[in-house]
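> let me see the structure of the following:
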Amino acid sequence: MEKDRRNFLKTGLLYGGLSLLPGLPNIYATSSTSRKGEDFPPAEPTPAQKAWMELKFGMFIHFGLNTFIGKEWGDGTHDPKSYNPKELDTDQWCETAKKAGMKYMVLVCKHHDGFCNWFTKQTDYSVKSTTFRRDLLKELRSSADKYGLKLGVYYSLWDRHEKIHDTDEPAYIEFMKRQLKELLTSYGEIVEVWLDGFWKKQQSGWKDEAGNWSEPEDFMKAWRNEGAYRWQIDHLYQYIKSFQPDCIVMNNATTKFPGVPLFPVDALCGEKAFGLTEYKKTWNWLGKEVFLPLQIETTMSIQGDDEFKSGSWFWHEGDHSVLSKERIYEYLETARKLGANLLLNCGPMANGKLRPEDVGMLSGLNLKN
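This next block holds a predicted model:
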């Protein structure tokens, strides 16, 4: 009986039933009459959301120091001198994406290890300190423009190299703001900022007393009461928008809570969320209904390891596993039915080129742009 109740609540939350849940704060309500006597018009996508939704299909690029040490999550202590992609070819990345029918690129600019793929002035833990000594983001910007692709950035909130992340939260927020300003003012139009790693400053809301995963509404309340406060995410969101108002801001809610917004955001993350048959598009935020589109993220690798069983994001020598064309078509059809974008990851090899397996599979898709 208790299990049935949890399933009912979860289904109701994800697919439109939040208004059935008593006692929720107003920001989680879905009713179009949240204020007494006042009806809200149906929520519609903003012009920026519409333009982003028209992109439909993009390439995620996981490339960094992790590529050279064979790790999915580096710990921030590895010597950047090992980073040296001698045959780096961002034109190849973008040409492959273009041929596959993709319309945008999203680069991992900083993963959880804190290593930065651009010439940041805030830390030496970046491409500036490598043998390579080239601004990867700048080169990808040039290639994306050459092939008519939009460019987005992935930025990890969690930083395992920067010590003030753990010791001085206000100082670390200022550190992030300076880095985000660099990304948003020095590399042209950024179509998407994909935030990740929020969980390091949210201890509650994950599991209930019995050890089961929490209901999404409990997770969302914990985010607003704890995670959002510690990250100062409301301020960071407004800060991003002050530089690029049309940039779509996302915040990955993890594979445990796909399609659940970590407000404030402009779109929903659905990491490997191919089990969704529908999702909740309209949410109440700041006293009004807002529309939130979905992006589904997955990776070309299907081999994985003991820690990441469903496929690797960064390149690992010896991993030649790859999604089949049939599976990619299936994922694209799932995204189409949901009205979602599909962001398909490729982990370039240590030499700086895409894996032959990925190039071959994507080049054979025969999709129209």
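
> ok, Phe175 to Lys50 distance?
34 Å (Cβ to Cβ, to the nearest Å). Where you see a C-beta, it was placed from the backbone N, CA and C, and this is true even at glycine.

> longest helix in the protein, please.
Secondary structure of the chain per DSSP state H: the longest helix is helix 169-185.

> picking up where we left off before, so between Phe175 and Lys50, which is more surrounded?
Phe175 (18 against 12; other Cβ atoms under 10 Å).

> now that one, nearest residue through space, not along the chain?
Gln122 (5.8 Å; Cβ to Cβ, 6 or more residues apart in numbering).

> with Cys346 instead?
Closest to Cys346 by Cβ to Cβ, 6+ apart is Asp358, at 4.8 Å.

> what secondary structure does that neighbour sit in?
Using DSSP: H, G, I helix; E, B strand; the rest coil, the structure places Asp358 in helix.

> so where do the helices sit in the stretch 101-250 of the chain?
Residue ranges of the helices in the stretch 101-250 of the chain, as given by DSSP state H, counting those that start in this stretch, are 136-146, 164-167, 169-185, 216-222, 228-231, 233-243.

> the nearest residue to Ala171 once chain neighbours are set aside and Gly197: what is the separation?
The shortest distance from Ala171 to any non-neighbouring residue, by Cβ to Cβ, 6+ apart, is to Ile164 (4.7 Å). Ile164 is 15 Å from Gly197, where distance means Cβ to Cβ.

> next one: Ala171
Counting by Cβ to Cβ - Ala171 and Gly197 are separated by 18 Å.

> before we move on, what about Lys138?
Lys138 sits 24 Å away from Gly197, going by Cβ to Cβ.

> which of those two has more neighbours?
Remark: of Lys138 and Gly197, Gly197 carries more neighbours, 21 against 17, as counted by other Cβ under 10 Å.

> wait, what's in contact with the more buried one?
Gly197 makes contact with His112, Ser156, Leu157, Trp158, Asp159, Asn252, according to Cβ atoms under 8 Å, 6 or more residues apart in numbering.

> confidence score at the fifth one?
Read it as Asp159. As predicted, Asp159 sits at a pLDDT of 98.

> then the second one?
pLDDT recorded at Ser156 is 98.

> from Glu357, how far out is the closest residue to it other than its chain neighbours?
Leaving aside its sequence neighbours, Ser156 sits nearest to Gly197 (Cβ to Cβ, 6+ apart; 4.3 Å). According to Cβ to Cβ, Gly197 stands 28 Å off from Glu357.

> neighbours of the closest residue in space to Gln244 that isn't next to it in sequence, how many?
When the adjacent residues along the chain are set aside, Gln244 lies closest to Leu184, with 5.2 Å between them (Cβ to Cβ, 6+ apart). For Leu184, the neighbour count with other Cβ under 10 Å is 20.

> go ahead and confirm Leu184 touches Cys247.
Yes: using Cβ atoms under 8 Å, Leu184 is in contact with Cys247, at 7.2 Å.

> between these two, what contacts are shared?
Ile190, Val193, Ile240.

> narrow those to those that are buried.
Ile190, Val193, Ile240 (16 or more other Cβ atoms under 10 Å).

> save those residues as CSV, and put in pLDDT and distance to Leu180 too.
Output for those, formatted as CSV (pLDDT from 0 to 100; distance: Cβ to Cβ, whole Å):
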residue, pLDDT, distance to Leu180
Ile190, 98, 10
Val193, 98, 8
Ile240, 98, 6
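
> related to what we said a few turns ago, the residue nearest to Gln244 and Trp285: what is the separation?
From Leu184 to Trp285 the distance is 23 Å (Cβ to Cβ).

> could you list the low-pLDDT ranges of this structure?
1-41, 368-369 (pLDDT under 70).

> mind listing the strands for it?
57-61, 104-110, 150-156, 192-196, 248-251, 268-271, 282-285, 288-291, 294-299, 341-346 (DSSP state E).

> the first one packs against which elements?
Spelled out, that is strand 57-61. Strand 57-61 sits against helix 90-99, strand 104-110, strand 150-156, strand 341-346, with contacts defined as 3 or more Cβ pairs under 8 Å, 6 or more residues apart in numbering; DSSP states H and E.

> please save the CA atoms from it in PDB.
Output of strand 57-61 as PDB, limited to C-alpha atoms (Å, rounded to 0.1, in the frame of the first residue of the first chain):
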ATOM      1  CA  PHE A  57      19.900  17.500 -31.800                       C
ATOM      2  CA  GLY A  58      23.400  18.400 -30.400                       C
ATOM      3  CA  MET A  59      26.800  17.000 -29.600                       C
ATOM      4  CA  PHE A  60      28.100  16.900 -26.000                       C
ATOM      5  CA  ILE A  61      31.900  16.900 -25.800                       C
END
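
> list the strands paired with it, with their directions.
Applying DSSP bridges, strand 57-61 is found paired with strand 104-110 (parallel), strand 341-346 (parallel).

> ok, which of those strands comes nearest Asp89?
strand 341-346 (12.5 Å; Cβ to Cβ).

> may I see the buried residues of stretch 257-276?
257-271, 273-274, 276.

> sorry, that was for stretch 298-318
Quick answer for stretch 298-318 (16+ other Cβ under 10 Å): Thr298, Thr299, Met300, Ser301, Gly304, Phe308, Gly311, Ser312, Trp313, Phe314, Trp315, His316.

> right, I'll leave it there.
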